[in-house]
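**Student:** sequence plus the predicted model coming up.
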Amino acid sequence: MKRLLTGAILALLTLPALAQQPADKRSLKTLFEDKGSFERLMSKAINAGNWESTSGEAVAIITGFADKTAAYLDETGRISEITEIKSGDIGSPLTNAISMGLIEVLEVYLRYPEVRAKINEPLDLFPLGGRPRMKVHAWALAAAAPAQGASFCGGEFATLVFGYGSIAPYLEARPGETPYRRVLTALEAAGATPQAEEARAVWRFVCGPDNRPDDGKWQDNTKRLNYAAAIVPGSRERVLKAPQMLDAIEMELRTLQTLRTEGKVPFLVFPNIYED
């Protein structure tokens, strides 16, 4: 009896200490809230007048984030966070990794059978311009390369590409190429089913020719959100009509690179994403 009482007393004495342990407030979202690194790269690129000066660092930052993500998931076992959308979030971590083309991060997520098992379940594509959320499959989202398309189509998605962590240095790290190619390959290896027509719907949602005038003119960001013309004239329709959208997107990226080299388009263009 004395031994039982001693054990009970010790247990009670340790309760306050346990209660004082700080709660682990980390999440997959908080791991990516350090935007300072990309803001610094944006400033460096603007000062240099090119993306080449930041390409290596940009990939290193995302690779480092992927390493932190892997360590966090191994330590906490919070695998369900990968596909969860919490109040106020624009999408799940999985949706965000696919929509932004973050292949290094996606490869970490796809290590888990729980994620691969849901790879053909529709994702919530976050609303743009006041539109409602759109259900979209992972393959279709990757095939439309939404964040990459914003670099030449001038659509509303540019507000998120340049606003959320300023990931442009990462997307521009390989001139004429897109990380979405590797994203799509990884999704297919995980069992994702091709959804070509749905990918075209995503492209229309982000950069569709029926959403924006396509007169080849671009403007600065001194006005309120309204319409932005394509930076590469005709690019929206060409991608939409192409048999393989990613092939067309990379072709437009090469055209964009040529226009930049010839001085016809600045290396960084903020479309007219505001209105009065």
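**Tutor:** Noted; the coordinates are in hand.
**Student:** all contacts plus neighbour counts: C-alpha atoms, from now on.
**Tutor:** OK.
**Student:** so Ala140 sits against Gln195, correct?
**Tutor:** Yes - between Ala140 and Gln195 a contact is recorded at 5.3 Å, counting by CA atoms under 8 Å.
**Student:** compare the two (neighbour count), which wins?
**Tutor:** Taking other CA atoms under 10 Å, Ala140 and Gln195 do not tie; Ala140 has more neighbours (25 against 15).
**Student:** from Val183, how far out is that one?
**Tutor:** Note on Ala140: its distance to Val183, by CA to CA, to the nearest Å, is 11 Å.
**Student:** likewise for Arg111?
**Tutor:** Noted for Arg111: a distance of 14 Å to Val183, by CA to CA.
**Student:** more neighbours, those two?
**Tutor:** Higher neighbour count among Arg111 and Val183: Val183, with 28 against 12, using other CA under 10 Å.
**Student:** residue contacts, the more buried one?
**Tutor:** Counting by CA atoms under 8 Å, 6 or more residues apart in numbering, Val183 touches Ile98, Gly101, Leu102, Ile103, Leu106, Ala142.
**Student:** export the residues you listed to JSON lines and tack on neighbour count, pLDDT and secondary structure?
**Tutor:** Formatted as JSON lines, those follow (neighbours: other CA atoms under 10 Å; pLDDT from 0 to 100; DSSP: H, G, I helix; E, B strand; the rest coil):
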{"residue": "Ile98", "neighbour count": "27", "pLDDT": "93", "secondary structure": "helix"}
{"residue": "Gly101", "neighbour count": "27", "pLDDT": "91", "secondary structure": "coil"}
{"residue": "Leu102", "neighbour count": "24", "pLDDT": "93", "secondary structure": "coil"}
{"residue": "Ile103", "neighbour count": "23", "pLDDT": "95", "secondary structure": "helix"}
{"residue": "Leu106", "neighbour count": "22", "pLDDT": "97", "secondary structure": "helix"}
{"residue": "Ala142", "neighbour count": "27", "pLDDT": "94", "secondary structure": "helix"}
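**Student:** could you dump these into CSV and include distance to Gly56?
**Tutor:** Listed next are those as CSV, based on distance: CA to CA, whole Å:
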residue, distance to Gly56
Ile98, 21
Gly101, 16
Leu102, 15
Ile103, 15
Leu106, 19
Ala142, 23
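**Student:** and which of those is nearest Arg200?
**Tutor:** Ala142 (11.1 Å; CA to CA).
**Student:** ok, the closest one to Ile98 distance?
**Tutor:** For Ala142 relative to Ile98 (CA to CA), the value is 6 Å.
**Student:** what is in contact with these two at once?
**Tutor:** Tyr180, Val183.
**Student:** now, the most widely separated pair of the contacts of Val183?
**Tutor:** Maximum distance among the contacts of Val183 (CA to CA): 11.2 Å, for Leu106 and Ala142.
**Student:** quickly list what's touching both of those two.
**Tutor:** Ile98, Val183.
**Student:** quick check: phi and psi on the residue nearest to Glu107 when sequence neighbours are not counted?
**Tutor:** Leaving aside its sequence neighbours, Glu107 sits nearest to Ala186 (CA to CA, 6 or more residues apart in numbering; 7.1 Å). Per-residue torsions, Ala186: phi -70, psi -40 (degrees, to the nearest 10).
**Student:** what does the helix or strand that contains Leu141 rub up against?
**Tutor:** Using DSSP states H and E, Leu141 sits within helix 138-144. For helix 138-144, contacts defined as CA under 8 Å, 6+ apart pick out 95, 98-99, 101, 119-123, 180-181, 183-184, 187-188, 192-200, 202-203, 245-246.
**Student:** state the mean pLDDT of the longest helix along the chain.
**Tutor:** For the chain, the helix reaching the highest residue count under DSSP state H is reported as helix 55-76. Helix 55-76 carries an average pLDDT of 92.
**Student:** for it, packing partners?
**Tutor:** helix 28-31, helix 36-48, helix 103-109, helix 168-171 (3 or more CA pairs under 8 Å, 6 or more residues apart in numbering; DSSP states H and E).
**Student:** pick the most deeply packed of the ones you listed.
**Tutor:** Ranked by mean neighbour count, those are led by helix 168-171 with a mean of 25 (mean count of other CA atoms under 10 Å).
**Student:** ok, Phe38 to Ala60 distance?
**Tutor:** In terms of CA to CA, Phe38 sits 11 Å off from Ala60.
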